[in-house]
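Asker: have a look at this prediction, sequence included:
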Amino acid sequence: DGGITQSPKYLFRKEGQNVTLSCEQNLNHDAMYWYRQDPGQGLRLIYYSQIVNDFQKGDIAEGYSVSREKKESFPLTVTSAQKNPTAFYLCASSIGGVNTGELFFGEGSRLTVL
Amino acid sequence: AQSVTQLGSHVSVSEGALVLLRCNYSSSVPPYLFWYVQYPNQGLQLLLKYTSAATLVKGINGFEAEFKKSETSFHLTKPSAHMSDAAEYFCAVSPSGYSTLTFGKGTMLLVSP
């Protein structure tokens, strides 16, 4: 079955450590996204990529980094510069380009900073 | 710039009652509008979308929404709530032709027996 796989599902980190969240898709979608979800805040866009080797900052990119070396993979690194990293992180993909905007989501990764 | 306002962070209904979740948007260009549903500790799933075709849009699980340009609204309805409808619902907007969405803050739907 085609879909988006995020790992790990749960992750604990000590303050000052970087952590990388994995996102893989086999939908052959061009565009991929990372959103952060906090209770009562909805989803906020961190980074997105519409094509391999290219990505753009979203609304809350500070303290995060991404790479897009392969079409199917879009890992997110939460760096020690992110002041409040505890959150639920969602990866999504879409066909990309000029499209209807329909996103397909993974099941999320919950990061807790101890 | 576009934005979405969802009225009510929580909505409670009885099983069998009408479900109405409110969404108002602002967009400088004709919008595409979406409703997504999220069950606990899961990703979001598309319920329905409006992309400038029919103003009344039917989605999965018996949900529908009506685009009203004059009111800048896209409210989600379902005639009869089921226990399985209990989840968080998100309205989202995208300027037509672009791929990034702006989400509302979500409305938690609670269904009581």
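Answerer: Sure thing, it's come through. Residues are numbered from 1 along each chain as shown, chains lettered A, B, ... in the order given.

Asker: give me the below-cutoff pLDDT ranges for chain B.
Answerer: For chain B, the stretches flagged by pLDDT under 70 are B:96-99.

Asker: list the contacts of B:Gly59.
Answerer: Shown in contact with B:Gly59 (Cβ atoms under 8 Å, 6 or more residues apart in numbering or on different chains): B:35, B:46-49, B:65. No exception for glycine: its C-beta is placed from N, CA and C like everyone else's.

Asker: out of those, which one sits closest to B:Gly8?
Answerer: B:Trp35 (14.5 Å; Cβ to Cβ).

Asker: element containing the closest one?
Answerer: strand B:31-38 (DSSP states H and E).

Asker: ok, and which of the contacts of B:Gly59 reach chain A?
Answerer: B:46, B:49 (Cβ under 8 Å from any Cβ of the partner chain).

Asker: among the contacts of B:Gly59, which pair sits farthest apart?
Answerer: Across the contacts of B:Gly59, the longest distance by Cβ to Cβ is 12.0 Å; it joins B:Leu46 and B:Ala65.

Asker: any common contacting residues for the two?
Answerer: By Cβ under 8 Å, 6+ apart, the residues touching both B:Leu46 and B:Ala65 are B:35, B:59.

Asker: those two: which is more packed in?
Answerer: Neighbours of B:Leu46 and B:Ala65, each counted by other Cβ atoms under 10 Å in any protein chain shown, are more numerous for B:Ala65; the result is 26 against 17.

Asker: hmm, the more buried one is touching B:Tyr89, no?
Answerer: No. In this structure B:Ala65 lies outside contact range of B:Tyr89 using Cβ atoms under 8 Å: 10.6 Å.

Asker: now the common contact residues for those two.
Answerer: B:35, B:76.

Asker: where's B:Glu88, which helix or strand?
Answerer: strand B:87-95.

Asker: so that strand versus strand B:31-38, what angle?
Answerer: Put simply, strand B:87-95 runs at 160 degrees to strand B:31-38, going by axes from the mean of the first three to the mean of the last three Cα atoms, to 10 degrees.

Asker: centroid residue for chain A?
Answerer: Closest to where the C-alpha atoms of chain A average out (Cα atoms, centre = their mean) is A:Trp34, at 2.7 Å.

Asker: which parts of chain B sit against chain A?
Answerer: For chain B, the residues in contact with chain A (Cβ under 8 Å from any Cβ) are B:9, B:32, B:34, B:36, B:41-46, B:49, B:51, B:90, B:92, B:94, B:97-101, B:103-106.

Asker: what does the average pLDDT come to for the longest strand that chain A contains?
Answerer: Ranked by number of residues, the top strand in chain A under DSSP state E is strand A:42-51. For strand A:42-51, the mean pLDDT works out to 93.

Asker: ok, back up a step: check contacts around the residue nearest to the centre of chain A.
Answerer: The contact partners of A:Trp34, taken as Cβ under 8 Å, 6+ apart, are A:21, A:23, A:45-48, A:58, A:64, A:66, A:74, A:76, A:89-92.

Asker: residue ranges for the strands of chain A, please.
Answerer: Using DSSP E, the strands of chain A run over residues A:4-7, A:10-13, A:19-25, A:31-38, A:42-51, A:54-57, A:64-66, A:76-78, A:87-94, A:104-105, A:109-113.

Asker: need those strands in a markdown table with distance to B:His82, can you?
Answerer: Shown next, in a markdown table, are those (distance: least, Cβ to Cβ, whole Å):
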| stretch | distance to B:His82 |
| --- | --- |
| strand A:4-7 | 27 |
| strand A:10-13 | 30 |
| strand A:19-25 | 31 |
| strand A:31-38 | 25 |
| strand A:42-51 | 25 |
| strand A:54-57 | 40 |
| strand A:64-66 | 38 |
| strand A:76-78 | 35 |
| strand A:87-94 | 25 |
| strand A:104-105 | 23 |
| strand A:109-113 | 28 |
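
Asker: many thanks, we can stop here.
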